[in-house]
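kindly return the folded structure for what I paste below:
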Amino acid sequence: MPAWLGQRMTRLGAVLCEAIVLEYGRAELLRRLSHPFWFQSFGAVMGMDWHSSGITTSVIGALKRGLAPLSGELGIHVCGGRGRHSRATPDELHAVGMRTGLDGAALARTSRLVAKVDSAAVQDGFDLYLHGFIVADDGQWVVIQQGMDGARRQARRYHWLSDGLESFVDAPHAAIDGPGQGRIVNLADRRAAAARAAQIALLQAEGATRLTRTLQTLEGVAAPVSPPASGDLFATAVAQPHLSLPDHHDVRPADIVLRRLHGALAAAAEAGPRDFAELLEVPGVGARTVQALATVAEVVHGTPCRFSDPARFSLAHGGKDGHPFPVPTQVLDRTIGVLKHAVTRARLGNEDRLAALRRLDAQARALEANADGPSLLAFLEQERRDAHRYGGRSVSGWASAPDAVPDLHAAQDVA
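From the prediction side, this is the model:
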C-alpha cells in the first residue's frame with residue numbers, strides 16, 4: 001500500500017464511519033462491516049484494488065489508524081490486523097476493557113474462539129492470517145477474518161456479528177465470502193450438530209485410551225464410500241448471496257450494474273457543480289467531485305441490495321493499480337474535505353450538509369430507472385484521458401497527459 005493512498009484511505013474511512021454513526025448509530029456501522037458486499041464496496045470507493053483480497057487488510061488498517069483518535073467520541077475500537085497484529089488482539093481487547101469498563105477478558109476469549117472456529121472447525125483449505133475485531137462501547141462487536149490458499153492464490157473472508165449470535169459453533173457466521181470448492185469439513189454448520197454431539201459422546205463414554213486403541217485397529221482400513229442418498233443433507237443447503245471476485249484487474253461491463261452508474265451521473269449533473277459547492281461551502285468542488293460524492297453517499301445510505309456490484313464503487317476514485325483508472329487524488333481529497341465539513345457541522349447540531357448527501361443518494365436512485373449515459377468503456381476511456389487533470393496516480397506513478405486528445409471537460413476548471 002503506497003503511503004499517498006494509505007493516508008487518504010485512513011481519512012476517508014474514518015469520516016465515512018463517522019457519517020454512518022451520526023446518521024444511523026454504531027450498531028448499523030457494525031452491521032455493515034459484517035456484510036461482505038458492502039465491505040468490498042467500502043474498500044473499492046477508497047481507491048483500493050476493487051477485486052483484491054488486499055482490500056481486507058487495507059480497510060482494517062485504515063480504520064484502525066483513522067478511528068483510534070475518535071474512539072472516545074464514537075465509542076468504536078478497532079483491534080487486531082494482519083500477522084503479528086492479529087496475535088496482539090487479546091491484549092488490545094484487554095486494554096479496551098480497561099478504558100471502557102467492558103469485560104476485556106471475555107472479549108479476548110471471544111477473539112480466540114472465533115479464530116479457532118475458522119481455523120479448526122471450518123477446514124476449507126484457507127489458513128487464517130488476518131483477524132480484525134471491532135467492538136463498540138456497548139459490547140457489540142464484529143469480527144472480520146481472512147484466510148489464504150497459497151496454492152490457488154485465493155483468499156476467503158469470514159464475517160461475524162455479535163447481534164443475533166446464539167452459538168459459536170452452530171451457524172455463527174454473518175457471511176463467508178470466497179470461491180466455492182464443493183464439500184468441506186464445516187463443524188460449525190447447523191447440519192453438523194449430530195457430528196459434534198457424537199465427538200463429545202465418544203470422548204466422554206470411552207476415554208482417550210479406548211479411542212486410541214480403536215484408531216489403531218482401524219489404521220489402514222479404507223472407509224466405505226457410498227453414493228449420496230436422495231435425502232443428502234447437503235442438498236438441503238439454502239443458497240446465500242454469493243460474492244466471488246474475478247481474477248481480471250480491469251472493470252468489465254459484466255462487473256457493474258450500468259443503470260446505477262447512469263443514475264449517479266444524472267444525479268451529479270442535476271445537482272450542478274456550482275450550486276453544490278455553494279451548499280457545502282467547500283472551495284474547488286466541481287462536477288467530477290459531485291459525481292464521486294454520489295457514489296460515496298450510497299456507501300453511507302445504501303441498502304444491502306445496492307452493493308451486488310462492488311466494482312462500480314471503484315468508479316468513484318479509481319484504483320491504485322491503475323484499474324479501472326488511476327486514483328484522481330485531487331477528487332479524492334475534495335471528497336474527504338466535503339465529508340469532513342459535513343460531519344463537523346453535524347456534530348455541532350447542523351445536519352444540513354449530511355442531509356444534502358442523503359438527497360444526492362436518493363436522487364441517484366430515483367433517476368436510475370430512466371437515466372441514460374455512456375457505455376462503461378466510453379466512461380472509462382474519458383476518465384483515463386482526464387486522469388492527469390485530476391492528479392491521477394497509481395503504483396506506476398503519475399498519469400501523463402494524452403497526446404492531442406480532445407478535452408471533453410475543457411469548460412471545467414476544477415475537479
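
by mean pLDDT, flag the weakest helix or strand of the protein.
Every helix and strand of the chain was ranked by mean pLDDT, DSSP states H and E. The lowest is helix 273-280, at a mean of 61.

doesn't residue 134 belong to a helix?
No. Per DSSP: H, G, I helix; E, B strand; the rest coil, residue 134 lies outside any helix segment and is strand.

look up how far residue 251 lies from residue 258.
Separation of residue 258 from residue 251 (CB to CB, to the nearest Å) stands at 11 Å. Backbone N, C-alpha and C define where each C-beta goes, glycine included.

quickly list what's touching both of those two.
Common neighbours of residue 258 and residue 251 (criterion: CB atoms under 8 Å, 6 or more residues apart in numbering): residue 376.

more neighbours: which of these two?
residue 251 (26 against 17; other CB atoms under 10 Å).

which helix or strand contains that one?
Under DSSP states H and E, no helix or strand contains residue 251.

next up, the contacts around it.
Going by CB under 8 Å, 6+ apart, residue 251 touches 50, 311, 314-315, 323-324, 376, 380.

7 Å - rerun?
Counting by CB atoms under 7 Å, 6 or more residues apart in numbering, residue 251 makes contact with 50, 311, 314, 323-324, 380.

just those residues: which are in helices?
Counting by DSSP state H, those place 314, 380 in helices.

could the contacts of residue 251 go into a markdown table alongside neighbour count?
Below are the contacts of residue 251 laid out as a markdown table (neighbours: other CB atoms under 10 Å):
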| residue | neighbour count |
| --- | --- |
| 50 | 27 |
| 311 | 25 |
| 314 | 28 |
| 323 | 19 |
| 324 | 24 |
| 380 | 19 |
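
just the element for residue 42, please.
Secondary structure from DSSP H and E places residue 42 in helix 36-45.

buried sites along that helix?
By neighbour count on 16 or more other CB atoms under 10 Å, the buried set for helix 36-45 is 36-45.

what do you get for stretch 162-170?
Neighbour counts over stretch 162-170 (16+ other CB under 10 Å) mark 162, 165, 169 as buried.

next one: stretch 7-21
Across stretch 7-21, burial judged by 16+ other CB under 10 Å covers 8-21.

between the residues you listed, which sits nearest residue 397?
Proximity of these to residue 397 (CB to CB) peaks at residue 8, which lies at 16.7 Å.

now the closest one. Nearest residue, chain neighbours left out?
Nearest residue to residue 8 in three dimensions, chain neighbours excluded: residue 332, at 5.5 Å (CB to CB, 6 or more residues apart in numbering).

domains in this structure, by residue range?
Using automatic domain parsing, the domain parsing of the chain gives 3-186, 255-398.

of all these, which one comes closest to residue 243?
domain 3-186 (5.2 Å).

hang on, isn't residue 16 packed against residue 299?
Yes. At 6.2 Å, residue 16 counts as touching residue 299 under the criterion of CB atoms under 7 Å.

could you measure from residue 7 over to residue 153?
Distance, residue 7 to residue 153, by CB to CB: 28 Å.

typo on my end, it should be residue 67
In this view, residue 67 and residue 153 are 31 Å apart by CB to CB.

so the two - more neighbours on which side?
residue 67 (21 against 9).

and the pLDDT at that one?
At residue 67, the model reports a pLDDT of 97.

likewise for residue 176?
pLDDT at residue 176 comes out at 77.

what about it, neighbour count?
Counted with other CB under 10 Å, residue 176 comes out at 21.

in what helix or strand does it lie?
Using DSSP H and E, residue 176 sits in strand 173-177.

quick one: strands adjacent to that strand?
For strand 173-177, the paired strands and their directions (DSSP bridges) read strand 154-161 (antiparallel).

quick one, helices of the stretch 1-150 of the chain?
3-24, 26-33, 36-45, 54-67, 71-74, 84-87, 89-100, 104-116 (DSSP state H, counting those that start in this stretch).

sorry, back to before: what's downstream of the least confident helix or strand of the chain, the next helix or strand?
Per DSSP H and E, helix 273-280 leads on to helix 287-301 as the next helix or strand towards the C-terminus.

and residue 378, what does it touch?
By CB under 7 Å, 6+ apart, the contact list for residue 378 is empty.

can you list the low-confidence ranges for the stretch 51-200 of the chain?
179, 181, 187, 190, 192, 195-196, 198-200 (pLDDT under 70).

sorry, back to before: would a markdown table of the domains of the chain with distance to residue 247 be doable?
Listed next are the domains of the chain as a markdown table, based on distance: least, CB to CB, whole Å:
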| stretch | distance to residue 247 |
| --- | --- |
| domain 3-186 | 8 |
| domain 255-398 | 12 |
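
returning to that earlier point: nearest to residue 352, of the contacts of residue 251?
Within these, the smallest distance to residue 352 is 29.7 Å, found for residue 314 (CB to CB).

OK, contacts around the closest one?
Neighbouring residues of residue 314 by CB under 7 Å, 6+ apart: 44, 50, 251, 324.

residue 11 now?
Shown in contact with residue 11 (CB under 7 Å, 6+ apart): 66, 336.

ok, now with 10 Å
Residue 11 sits next to 46, 62, 65-66, 332-333, 335-337, 339-340 when contact means CB atoms under 10 Å, 6 or more residues apart in numbering.
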